[in-house]
Structure formats: structure tokens, C-alpha cells
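**Student:** Kindly return the folded structure for what I paste below:
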Amino acid sequence: MERTLNSILLSDTVRERFCIGLLLVVAVFAYGNTIVNDFTNDDQLYVVNNPQVTHPTLRALFSPNKFSLVFRPVTFGTFALDWKIGQGFAPGFHVINLVLHAIVTLLLYMLLQRLFQGSSRGNVLALAAALLFAVHPIHTEAVASISGRAELLGAGFLIAGWLLHLDDREVPALTCFALGLLSKESAIVFLPLIMIGDYVIGHWKSAFRYLRAAGITLLYLAVLWKVRGNHFGILTLSVLDNPLISLPAGPRILNALRVAWKYVGLQVYPATLSADYSYNQIPLYTAWRYTLPAALATIAVVGCWIWTVKTRRQGLVLAGGIYMAGFAVTANVFMPIGTIMGERLAYLPSAGFCLLVALAWNWLRERQRTLAFGVLATLIILLGVRTLVRNRDWKNNDTLYSAQLGNAPGSAKTHQNMALLYLNHKQFDLSRKEFETALQIYPLGPRALAYYGVLEASQGNYQEAGRKMEKAFSMVSRENPAYDEIAVNLAALYMQTGHVDGALDLLNREIAESPEYGPAWANRAVLHYRRGETALARADITTALRLDPTNRQVQTLQQVITRTN
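**Tutor:** I've put the predicted structure just below:
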């Protein structure tokens, strides 16, 4: 008997190690090629040009981001550590993202094992769901984009806290919950999720346990309210990024439900993926014939989920609960967020979708075992290959924006990004065409108009450049992330056309309002040097290099001043 028991235990141990190894191998197989990628898209805002990362202080980390107002000290803290160690080496950031995704996959596997431990199918379900989660292409933006780390950390800490809650380790669980909140706001759904989990296993904790989790939630909301200047939402939401804000509450919610079904479509069939769904890629409607079907379908799904709760169908309760709770904060239903749609936002909710697929697969397994495992293997291979291909789109901005042009042709921002790409490559005719398309879709885009002005200046059309850039500057507010670059580019045009005093006034104001914006210091250094004010130029060079040691313009100017003196 003892020998038999030891054999069983050994067999379980070997099986568990095999499952963990398999999950790690599959996760690395699907996302390993992201390691060679560069900084892309929002990485410029949240990493490369973010003083919270490049010049971190404790006070800066525990302040909201200057432009987006996101409050994510843990996420930015990890970026700052990566930046310090690797000196801005992009592959180092990608390695950490890959490791985090693998950890989240393992945590999900462990969580589902615990929640289904009373069922004979528990381990198989947990493994199937985790394998699907490891390779799903909709996660590409969260893993392949460095700034997507907020999703990885938020989900990872939430699941870790959930596991610790099940083990009755309350203090570590609440600590993980707090770290999740400081990584990504969407971790706020921790309390409803642990309650759903406790219902599924049929073992409620004491009421004080839930009250203390609620206390952490309320404390976080109070802190978030305070650091954001006594409000929760983003003050300067852009119609370009989230067209839903142009609608009254009722139509906004109905259209948000239509967008929610687009996420479902990408979960089921992730053939066409995009990093951009902004104006006007997703048309908005006020007519009932367009909005009512999605609303009725949503009501039907919620009704079915309530039925599963009443009939204690634990697997379906858990899958639906994770999916709906995961999207609760980001669905633009309760309040508008910074974007109409983003595939990164599906990272945590997709755990519920993967579990739902695993439940359907297990139904097949109990009837046709060989066929079922063949289907699962085929799914994992197909999804994994699709993910590998999609990861290549995120190699750099050239590949990403080129892919977006085919995947989101109706988006003004997509055409704007392509115009900037062509401008950087001095393909002026192609750049002009893309700027005109972007402004045709969204005429009120100040960044597209301003850089159209830069294009005109590069071709010697200074009068037209000035008209476009001054109009763009009049359209943009200080809170807009594009304000600094538009102001500095306008000052550069003034310098180029001999309006030195106007350029100096604009740069002085920009530096006073945004002292951490390196290009302003760099341009003023050039201006001082041209005016013969060498000492002032040296001082500005020192500050510009402190803010951005890689600025070639400033490095060249410093060498020129050194040689002439």
C-alpha cells in the first residue's frame, strides 16, 4: 500500500512538472520573437519620453502621468529599473514582458486548479484554459508592446492575490491587490472576482475579509481621486482617441456595447488585429436598428449568466464572471476612458473566454477523447502561429504603422502615423497624401496639421507651413500630449524664418511650463548660440543632455562650441 501511494504521489509530481514546463514552452514559443522588437507606439509616451522612467524619483512615481493622468507607480517603477539597468535597451524590456506573461499563465493555471479542485476534470480544464491563454493572439499588444506591461502586472498581481485569498493568507493577498491597483486601475475588480470564486467552490470567508478588501478598494479610490485633482476620469479626452465622448450617455453606452461584441469577435477569430481603433475606424450610430441588436444580445448573455449562477453551473459562472468583470472598468459603459477600443484591454478578460472554450472542449473530451486532444493541439498551433506572425508587426514603428494601414484604414490616427513615418524617411509625396487623408477623416487633428506644416517647411513652403503650424498651436491645449512638440516645432520654424524673438518667447514659455521636455532646451541652446550667447547655450546644453543624453543635435552643438573655444 505504501509503495502504491508513493508511486501515485510521484506520478502526480511528474505530471505537474510536465504541465508547468509545457505552459512555459508554449508561452515562449508564442511570444519569444518579441524580444528583438524595438520601442513602439505608446512606448514613447510611457517609457522613452517619460521622466518618471528616465529620471525617476519617489515623488514622480507616485504622481499621475503628466499627460494621460494614469497613476501606475509599480508599472513605471519597473520601467525605471529596466531603464537604469539597460540604459534604454529595448530587448531588455521585452524579456521582462515575456517573463511576466509566462508567470501570469502559470498563475492562471494554478488558480483554475484550485477553483476546480473538487472536480475530476479540474486539472485538465485548468491546463487547457492556460494553454489557450498562453498563445492567444489578442494578447499581442499587452505582451509585444512594452507599455502593455501594465496589463501583465495588473492581471498577475490580481490572480496572485486571488490564490493567496483562497489559501487564507489575507495580508499577502491584500498586498498583491494593492500592488495590482498601483500597476493598472482595472485590478479594482479583485473583490467581485474573489466573491465569485468563493461562490464557485462553495466556501465563503468571513464578512470581515470582504470588508477589508472593500476598504482597500475605497482607500485606492480616495488616493486616485486626490492625485488626479479631485476627479476620476480624464479631463481632456480626445474625440480622435475615443469618439464615444461625442455622444450623450445613452447612445454612448449602446455603442460601447457594440464595441464589446467586437472584442468577442476578435477572441473567436483573431485574423485581423490592430493597434488602433480610433476615429473613425469604428462607426458610431444613434439609430436603434444599429444599436439595439448588441444591447439585446448583451441582455441575453447577462441573463444566461445569472441563470448559471442560480443553477450553480460553476464553470460557466467563473468564465462569465472573469470576462464581464475584466471588462467592467474599460468598456466605456460606466464612464468614458482614453480609448474606444484596445486589444491590450482584453488581456485579463480573455482568461474567462479561454476558460469557456476549455469547458466546451472538455465536453468533447468526455465523449471523443482522441478527437478532443487533436482539436486542442490544432487550436494551440494555429493560435500560436498567428501570434508569432502578429508579433512581427510590433518589431518597430515602421512595421506596426504599415500593418495598421491595412488593418485600420478608416482611422485618422493610422494615416497620421504613416504620414509621420514617410516624413521621417523623406518620402514627401507619400507623406503629403497621408496627411491629407488623415485631415479629411478628422479635420480637427492638431498634431496632423502641425506636422503637415513641418512637411511644408522641409520643402521650402514657409508661409504655408506657418499658417498650418500656428493654426495647430491655436487648437491644442496645454493638457494635450502633443502640445510640447507642436510648440517646439513652431519655435523651430520661427528660428528658420528669422523670427528670433518670437522663437525665444515661445521656448521660454514652453520651458517654464514643461521643464522636463528636453527638445525645448535643445532648441533654445541652438538659439542662444546663434545669438552669440555661449554661456547661456552651454547651460541649456547641460540641461538638455541631462534630460536626453542621446540627443544628437545637442551633442553636435556641444562639440562645435568646444572646438571654437
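**Student:** which regions of the stretch 201-350 of the chain lie under the pLDDT threshold?
**Tutor:** In the predicted model of the stretch 201-350 of the chain, residues 232-236 satisfy pLDDT under 70.
**Student:** how about the helices in it?
**Tutor:** For the stretch 201-350 of the chain, applying DSSP state H, counting those that start in this stretch gives helices covering 207-227, 249-268, 288-310, 314-328, 349-365.
**Student:** of all those, which lies closest to L98?
**Tutor:** Closest to L98 of those, according to Cβ to Cβ: helix 349-365, at 17.4 Å. Heads up, the C-betas are built off the backbone N, CA and C, glycines and all.
**Student:** tally of neighbours for the nearest residue to V476 once chain neighbours are set aside?
**Tutor:** Spatial nearest neighbour of V476, excluding adjacent residues (Cβ to Cβ, 6 or more residues apart in numbering): P446 at 4.3 Å. Applying other Cβ atoms under 10 Å, we find 21 residues neighbouring P446.
**Student:** Could you report the distance from F39 to N417?
**Tutor:** As judged by Cβ to Cβ, to the nearest Å, F39 and N417 stand 14 Å apart.
**Student:** Settle it for me: which of these two has more neighbours?
**Tutor:** The neighbour comparison of F39 against N417 (other Cβ under 10 Å) goes to N417, with 25 against 20.
**Student:** surely the more buried one meets D398?
**Tutor:** No. Assessed by Cβ atoms under 8 Å, N417 is found out of contact with D398, at 10.3 Å.
**Student:** OK, contacts around the residue nearest to V476?
**Tutor:** A472, F473, M475, V476, N480, A482, I486 (Cβ atoms under 8 Å, 6 or more residues apart in numbering).
**Student:** One more: A346?
**Tutor:** By Cβ under 8 Å, 6+ apart, the neighbours of A346 are I138, H139, Y263, L266, Q267, G326, F327.
**Student:** ok so, going back, closest to T339 out of the helices of the stretch 201-350 of the chain?
**Tutor:** helix 249-268 (10.2 Å).
**Student:** helices or strands next to that closest one in the packing?
**Tutor:** helix 288-310, helix 349-365 (3 or more Cβ pairs under 8 Å, 6 or more residues apart in numbering; DSSP states H and E).
**Student:** which outside residues touch the first one?
**Tutor:** I take that to be helix 288-310. So helix 288-310 is contacted by 199, 251, 254-255, 257-258, 260-261, 285, 316-317, 320-321, 324 (Cβ under 8 Å, 6+ apart).
**Student:** Could you pull out the buried residues of that helix?
**Tutor:** For helix 288-310, burial by neighbour count (16 or more other Cβ atoms under 10 Å) applies to T291, A294, T298, V301, W305, T308, V309.
**Student:** Ok, the last one next?
**Tutor:** Of all the residues in helix 349-365, those buried under the rule 16+ other Cβ under 10 Å are 349-359, 361-362, 365.
**Student:** Tell me which stretches of the stretch 51-200 of the chain form helices.
**Tutor:** Assigned by DSSP H, counting those that start in this stretch, the helices in the stretch 51-200 of the chain fall at 51-54, 58-61, 73-86, 90-115, 122-135, 140-144, 149-166, 170-181, 190-201.
**Student:** Could you export the ones you listed to TSV, including columns for distance to N280 and mean neighbour count?
**Tutor:** Putting the helices of the stretch 51-200 of the chain into TSV (distance: least, Cβ to Cβ, whole Å; neighbours: other Cβ atoms under 10 Å) gives the following:
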stretch	distance to N280	mean neighbour count
helix 51-54	32	21
helix 58-61	36	14
helix 73-86	31	20
helix 90-115	31	22
helix 122-135	32	24
helix 140-144	21	27
helix 149-166	26	26
helix 170-181	34	20
helix 190-201	34	19
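**Student:** I'd like to know which of the ones you listed is closest to L405.
**Tutor:** Nearest to L405 among the helices of the stretch 51-200 of the chain is helix 140-144 (17.0 Å), distances taken as Cβ to Cβ.
**Student:** Just checking the distance from the closest one to the centre of its chain.
**Tutor:** 8 Å (Cα atoms, centre = their mean, to the nearest Å).
**Student:** My understanding was that N242 contacts G342; is that so?
**Tutor:** No. Between N242 and G342 there is no contact under Cβ under 8 Å: 10.1 Å.
**Student:** So between the two, which is more surrounded?
**Tutor:** Using other Cβ under 10 Å as the criterion, N242 and G342 rank with G342 on top: 24 against 21.
**Student:** List the contacts of the more buried one.
**Tutor:** E141, Y277, T330.
**Student:** ditto for T40
**Tutor:** T40 touches A144, S145, I146, W394, K395, N396, N397, L400, counting by Cβ under 8 Å, 6+ apart.
**Student:** The fifth one contacts N37, doesn't it?
**Tutor:** Yes. Between K395 and N37 a contact is recorded at 5.1 Å, counting by Cβ under 8 Å.
**Student:** Between those two, which is the more surrounded one?
**Tutor:** Between K395 and N37, N37 has the larger neighbour count (other Cβ under 10 Å), namely 24 against 17.
**Student:** list the contacts for that one?
**Tutor:** Each residue near N37 by Cβ under 8 Å, 6+ apart is listed here: A90, P91, H94, A144, N391, W394, K395, N396.
**Student:** Could you give the number of residues near the closest residue to the last one other than its chain neighbours?
**Tutor:** If you skip the residues right next to it in sequence, N396 has D38 as its closest partner in space, 4.3 Å away by Cβ to Cβ, 6+ apart. D38 is surrounded by 17 other residues when neighbours are defined as other Cβ under 10 Å.
**Student:** What of the one 10 residues further on?
**Tutor:** Under the neighbour criterion other Cβ under 10 Å, V48 is assigned a count of 18.
**Student:** Mind pulling up the pLDDT for it?
**Tutor:** pLDDT, V48: 89.
**Student:** How about L9?
**Tutor:** 42.
**Student:** so what's the nearest residue to Y277 once chain neighbours are set aside up against?
**Tutor:** Spatial nearest neighbour of Y277, excluding adjacent residues (Cβ to Cβ, 6+ apart): M341 at 4.0 Å. M341 sits next to V259, K262, Y263, Y277, I282 when contact means Cβ under 8 Å, 6+ apart.
**Student:** tell me the contacts of the second one?
**Tutor:** With contacts defined as Cβ under 8 Å, 6+ apart, the neighbours of K262 are I282, M341.
**Student:** mind listing what the nearest residue to I194 once chain neighbours are set aside touches?
**Tutor:** Spatial nearest neighbour of I194, chain neighbours left out: H165 (5.0 Å); criterion: Cβ to Cβ, 6+ apart. H165 sits next to A173, I194, G197, K205, R209 when contact means Cβ under 8 Å, 6+ apart.
**Student:** measure H165 to I20 for me?
**Tutor:** Counting by Cβ to Cβ, the gap from H165 to I20 is 22 Å.
**Student:** what do you get for I299?
**Tutor:** Taking Cβ to Cβ, one finds I299 at 41 Å from I20.
**Student:** same check, this time on W261
**Tutor:** The value you get for W261 to I20, if Cβ to Cβ is used, is 35 Å.
**Student:** Could you provide the buried residues of helix 349-365 in JSON lines, with additional columns for distance to Y109?
**Tutor:** Shown next, in JSON lines, are those (distance: Cβ to Cβ, whole Å):
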{"residue": "P349", "distance to Y109": "17"}
{"residue": "S350", "distance to Y109": "14"}
{"residue": "A351", "distance to Y109": "10"}
{"residue": "G352", "distance to Y109": "15"}
{"residue": "F353", "distance to Y109": "16"}
{"residue": "C354", "distance to Y109": "11"}
{"residue": "L355", "distance to Y109": "11"}
{"residue": "L356", "distance to Y109": "16"}
{"residue": "V357", "distance to Y109": "15"}
{"residue": "A358", "distance to Y109": "11"}
{"residue": "L359", "distance to Y109": "15"}
{"residue": "W361", "distance to Y109": "15"}
{"residue": "N362", "distance to Y109": "15"}
{"residue": "R365", "distance to Y109": "17"}
